[in-house]
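Q: from the sequence below, what's the structure:
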Amino acid sequence: MKYAGRLERNADLRKIILRNSYLNESVDLYEFLIKGDVTNISLRNGDVIVVPATSKIVNIQGEVERPMMYHYKETDTIEDLIKFSKGFTREANENRISITELKDGLVYKPNYFLKEVMVKNKLTN
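A: Numbering: from 1, shown residues only. Below is the predicted model of the structure:
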(Lines give C-alpha, C1' and ligand atoms only; values in the text may rest on other atoms or scores of the structure.)
Protein backbone atom coordinates (compact mmCIF):
# COMPACT_ATOMS: atom_id res chain seq x y z
CA MET A 1 0.00 0.00 0.00
CA LYS A 2 2.97 2.26 0.61
CA TYR A 3 4.04 1.96 -3.02
CA ALA A 4 0.53 2.64 -4.29
CA GLY A 5 0.78 6.14 -2.85
CA ARG A 6 -2.43 6.59 -0.92
CA LEU A 7 -5.93 5.25 -0.67
CA GLU A 8 -8.65 7.07 -2.57
CA ARG A 9 -11.49 8.58 -0.60
CA ASN A 10 -13.90 5.90 -1.81
CA ALA A 11 -11.53 3.00 -1.02
CA ASP A 12 -13.55 0.35 0.81
CA LEU A 13 -11.79 -0.17 4.12
CA ARG A 14 -14.51 -2.64 5.08
CA LYS A 15 -13.66 -5.19 2.36
CA ILE A 16 -9.95 -5.31 1.61
CA ILE A 17 -9.04 -8.50 -0.26
CA LEU A 18 -5.79 -10.37 0.40
CA ARG A 19 -4.74 -12.82 -2.32
CA ASN A 20 -1.90 -15.23 -2.84
CA SER A 21 -1.46 -18.87 -3.82
CA TYR A 22 -2.96 -20.14 -0.55
CA LEU A 23 -5.30 -17.32 0.51
CA ASN A 24 -8.20 -15.29 -0.86
CA GLU A 25 -9.59 -13.51 2.18
CA SER A 26 -11.63 -10.37 2.83
CA VAL A 27 -10.51 -8.17 5.71
CA ASP A 28 -12.50 -5.43 7.47
CA LEU A 29 -9.98 -2.78 8.53
CA TYR A 30 -12.58 -1.22 10.85
CA GLU A 31 -12.07 -4.22 13.13
CA PHE A 32 -8.59 -2.78 13.73
CA LEU A 33 -9.08 0.96 13.13
CA ILE A 34 -12.34 1.41 15.06
CA LYS A 35 -12.59 -1.57 17.39
CA GLY A 36 -8.88 -2.11 18.08
CA ASP A 37 -8.90 -5.81 17.13
CA VAL A 38 -5.26 -6.67 16.43
CA THR A 39 -5.79 -10.10 14.91
CA ASN A 40 -2.52 -10.79 13.15
CA ILE A 41 -2.58 -11.23 9.39
CA SER A 42 0.84 -11.93 7.96
CA LEU A 43 1.77 -10.78 4.50
CA ARG A 44 4.49 -12.34 2.36
CA ASN A 45 6.37 -11.27 -0.74
CA GLY A 46 4.11 -11.63 -3.74
CA ASP A 47 0.85 -11.16 -1.81
CA VAL A 48 -1.69 -8.96 -3.52
CA ILE A 49 -3.84 -6.44 -1.65
CA VAL A 50 -6.98 -5.34 -3.48
CA VAL A 51 -8.85 -2.32 -2.16
CA PRO A 52 -12.13 -1.99 -4.06
CA ALA A 53 -14.18 1.20 -4.29
CA THR A 54 -17.41 1.73 -2.39
CA SER A 55 -20.30 4.15 -2.48
CA LYS A 56 -21.45 3.14 1.00
CA ILE A 57 -20.17 6.20 2.83
CA VAL A 58 -21.90 8.17 5.55
CA ASN A 59 -20.75 11.57 6.79
CA ILE A 60 -21.37 11.91 10.53
CA GLN A 61 -21.25 15.52 11.69
CA GLY A 62 -22.33 17.58 14.65
CA GLU A 63 -22.03 16.83 18.33
CA VAL A 64 -20.18 13.52 18.12
CA GLU A 65 -16.69 12.88 19.46
CA ARG A 66 -15.17 12.02 16.07
CA PRO A 67 -17.09 13.65 13.20
CA MET A 68 -15.95 12.36 9.82
CA MET A 69 -16.90 10.13 6.90
CA TYR A 70 -17.31 6.43 7.61
CA HIS A 71 -17.81 3.42 5.39
CA TYR A 72 -20.68 1.17 6.26
CA LYS A 73 -21.87 -2.32 5.48
CA GLU A 74 -25.49 -3.30 4.83
CA THR A 75 -25.44 -5.05 8.21
CA ASP A 76 -24.31 -1.96 10.18
CA THR A 77 -26.91 -0.32 12.40
CA ILE A 78 -27.40 3.31 13.38
CA GLU A 79 -25.95 2.35 16.75
CA ASP A 80 -22.82 0.99 15.00
CA LEU A 81 -22.40 4.28 13.12
CA ILE A 82 -22.71 6.28 16.34
CA LYS A 83 -20.09 4.00 17.92
CA PHE A 84 -17.75 4.60 14.95
CA SER A 85 -17.92 8.32 15.76
CA LYS A 86 -17.09 7.58 19.43
CA GLY A 87 -20.57 8.57 20.61
CA PHE A 88 -22.16 11.89 21.45
CA THR A 89 -20.49 14.88 23.08
CA ARG A 90 -21.89 16.38 26.29
CA GLU A 91 -23.51 19.15 24.26
CA ALA A 92 -25.40 16.75 21.98
CA ASN A 93 -29.16 16.57 21.96
CA GLU A 94 -29.44 12.79 21.89
CA ASN A 95 -33.21 12.95 21.48
CA ARG A 96 -33.11 14.46 17.97
CA ILE A 97 -30.79 13.71 15.11
CA SER A 98 -30.71 14.75 11.48
CA ILE A 99 -29.84 12.33 8.71
CA THR A 100 -29.14 13.83 5.30
CA GLU A 101 -30.32 11.53 2.54
CA LEU A 102 -29.81 11.63 -1.21
CA LYS A 103 -32.83 10.33 -3.10
CA ASP A 104 -33.32 10.64 -6.85
CA GLY A 105 -30.68 13.36 -7.04
CA LEU A 106 -32.36 15.49 -4.33
CA VAL A 107 -31.03 16.11 -0.82
CA TYR A 108 -33.41 15.58 2.10
CA LYS A 109 -32.56 16.46 5.68
CA PRO A 110 -35.43 15.32 7.89
CA ASN A 111 -35.16 15.39 11.67
CA TYR A 112 -35.71 12.20 13.62
CA PHE A 113 -36.20 11.24 17.19
CA LEU A 114 -33.20 9.06 17.98
CA LYS A 115 -35.39 6.35 19.53
CA GLU A 116 -37.41 6.09 16.29
CA VAL A 117 -34.28 5.70 14.20
CA MET A 118 -32.85 3.11 16.59
CA VAL A 119 -36.06 1.08 16.25
CA LYS A 120 -35.95 1.27 12.42
CA ASN A 121 -32.21 0.65 12.68
CA LYS A 122 -31.42 1.72 9.15
CA LEU A 123 -29.99 4.72 7.36
CA THR A 124 -33.02 5.70 5.29
CA ASN A 125 -36.82 5.72 5.67
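Q: okay, and for the protein, where does confidence drop off?
A: By pLDDT under 70, the low-scoring segments of the chain are 1-4, 40, 99, 101-105, 110-113, 115-125.
Q: and the strands in it, which stretches?
A: Secondary structure of the chain (DSSP state E): strands at 16-20, 23-27, 48-50, 57-60, 68-71, 96-98, 101-103, 106-108, 111-113.
Q: dump those strands to CSV, plus distance to K86.
A: The C-beta positions use only the backbone N, C-alpha and C, and glycine is treated the same way. Shown next, in CSV, are the strands of the chain (distance: least, Cβ to Cβ, whole Å):
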stretch, distance to K86
strand 16-20, 23
strand 23-27, 22
strand 48-50, 28
strand 57-60, 10
strand 68-71, 10
strand 96-98, 15
strand 101-103, 23
strand 106-108, 26
strand 111-113, 20
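Q: what residues does stretch 27-46 touch?
A: Under the criterion Cβ atoms under 8 Å, 6 or more residues apart in numbering, residues 13-18, 20-21, 25, 49, 71, 73, 83-84 lie in contact with stretch 27-46.
Q: of those, which is the nearest to G5?
A: The shortest approach to G5 among the contacts of stretch 27-46 belongs to I49, at 13.3 Å (Cβ to Cβ).
Q: tell me the contacts of the closest one?
A: I49 sits in contact with 1, 16-19, 43, where contact means Cβ under 8 Å, 6+ apart.
Q: so it bridges to which residues?
A: Beta-bridge pairing for I49 (DSSP bridges): L18.
Q: for T54, give me its contacts.
A: By Cβ under 8 Å, 6+ apart, T54 lies in contact with 10-12, 14-15, 71.
Q: 10 Å instead?
A: By Cβ atoms under 10 Å, 6 or more residues apart in numbering, the contact set of T54 is 10-15, 71-73.
Q: can you flag the buried ones in those residues?
A: Burial by neighbour count, 16 or more other Cβ atoms under 10 Å: within these this picks out 11-15, 71-72.
Q: which members of those residues are positioned in helices?
A: The helices, defined by DSSP state H, take in nothing from the buried ones among the contacts of T54.
Q: widest-spaced pair of the residues you listed?
A: Using Cβ to Cβ, the pair of the buried ones among the contacts of T54 lying farthest apart is A11 and Y72, separated by 14.1 Å.
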